[in-house]
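Participant: Structure for this input, please:
(chains A, B, C and D)
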There are 2 protein chains.
Amino acid sequence: MSEDTMTIREMCDAYGVTPRTLRFYESKELLFPIREGQRRHFTKSDRARLKLILRGKRFGFSLEEIRQLLDLYNVGDQQETQYALTYEIGKKRLADMIKQRDELNEAIDDLTAQLAWGEKMIASFSMKKAANC
Amino acid sequence: MSEDTMTIREMCDAYGVTPRTLRFYESKELLFPIREGQRRHFTKSDRARLKLILRGKRFGFSLEEIRQLLDLYNVGDQQETQYALTYEIGKKRLADMIKQRDELNEAIDDLTAQLAWGEKMIASFSMKKAANC
DNA sequence: CGTTACATTTACGTTAACGTCAACTTTCCT
DNA sequence: AGGAAAGTTGACGTTAACGTAAATGTAACG
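Facilitator: Have a look, this model is predicted:
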């Protein structure tokens, strides 16, 4: 009847994760599938949460951070202060990401320069070889 | 006499690492301090390498990747084939970094959009408050 | 009713980069 | 001589996010 739920396999296929991952998330209280006997049934709410989890991961949040964010997100009729808190966490994370990207860009430039120098070296090897002929 | 070297403690103080870290790096063949009996003595070369290691870490390289890159900086008396090999490693690593940066940029854009939405939410809270007055 | 397919729980394994003892040895200082 | 200070080598502990294997359960198909 309540075919609003999905089996573990359907979830895995839909979101590209493994069963182990879903059980793990449940054990960490990130998901709360309902049980029919032993079997898990993932609700619409679980799917929404999973989407947020995966997105959070792409942003570089840890599962524990994500759990806290989901909790805040979930108080339903959130209070302004709680929401603002979530917002602040997100802003901090964004700042970290931007810093990380900038550092990465620096490293890319450095390594590019280093490789250019390497090309010269290799060229000089060729010269030497040519000279020996 | 050869006071061009530093003890482990001096290294730790100079670069903000622990003795364990330096010994660990040595065991991983990232550093090659000379020995006087048991004691380690870190040379100028070790210091240069350590600087590069720490920079690499800030950029998110693994120690193993750093070890390979250090070889690139170290060419010295390498043969051409070996040099070409390290060069290829560097190029691959650069490609990875660029990909990583692009992904990071995507995530940054996503999160930025998300935060913009969050600001609207917070604004609506304020509206509600104002309305209740 | 037997087999095949999928689920479940339990629990140990994995990787990286060190931390944290423990048990010595060596050195310097008084 | 005696003791603190600093150094050394094992070797086991830690964290995150699952992987993987074993033993068992159960549901559907033919």
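Participant: So A:Arg35 belongs to a helix, correct?
Facilitator: No - per DSSP: H, G, I helix; E, B strand; the rest coil, A:Arg35 lies outside any helix segment and is strand.
Participant: so what pLDDT did it get?
Facilitator: pLDDT, A:Arg35: 93.
Participant: Could you measure from it over to chain B?
Facilitator: Distance of A:Arg35 to chain B, computed by C-beta to the nearest C-beta, to the nearest Å: 33 Å. For the C-beta atoms, the positions are set from N, CA and C on the backbone; glycine is no exception.
Participant: Now the residue nearest to that residue when sequence neighbours are not counted: phi and psi?
Facilitator: Excluding its sequence neighbours, the residue lying closest to A:Arg35 (C-beta to C-beta, 6 or more residues apart in numbering or on different chains) is A:His41, at 7.3 Å. According to degrees, to the nearest 10, the main-chain angles of A:His41 amount to phi -130, psi 120.
Participant: I'd like to know how many residues surround A:His41.
Facilitator: A total of 18 residues lie near A:His41 under the criterion other C-beta atoms under 10 Å in any protein chain shown.
Participant: Likewise for A:Arg20?
Facilitator: For A:Arg20, the count of nearby residues is 9 (other C-beta under 10 Å).
Participant: give me the element it is part of.
Facilitator: helix A:19-27 (DSSP states H and E).
Participant: Which helix runs longest in chain A?
Facilitator: The single longest helix within chain A, with elements called by DSSP state H, is helix A:80-132.
Participant: Any stretches of chain A with poor pLDDT?
Facilitator: For chain A, the stretches with pLDDT under 70 are A:1-3, A:72-82, A:128-130, A:132-133.
Participant: so what are the domain limits for it?
Facilitator: With domains defined by automatic domain parsing, chain A comprises A:1-61, A:75-133.
Participant: Check those domains for me and report the most buried one.
Facilitator: Most buried of the domains of chain A by mean neighbour count (mean count of other C-beta atoms under 10 Å in any protein chain shown) is domain A:1-61; its value is a mean of 15.
Participant: what's the closest residue in space to A:Lys51 that isn't next to it in sequence in contact with, if anything?
Facilitator: Take A:Lys51 and drop its neighbours on the chain: the residue closest to it by C-beta to C-beta, 6+ apart is A:Tyr15, 7.6 Å away. The contact partners of A:Tyr15, taken as C-beta atoms under 8 Å, 6 or more residues apart in numbering or on different chains, are A:Arg47, A:Leu50, A:Lys51, A:Leu54.
Participant: run the last query once more with 10 Å
Facilitator: By C-beta atoms under 10 Å, 6 or more residues apart in numbering or on different chains, the contact list for A:Tyr15 reads A:Met6, A:Thr21, A:Leu22, A:Phe42, A:Arg47, A:Leu50, A:Lys51, A:Ile53, A:Leu54.
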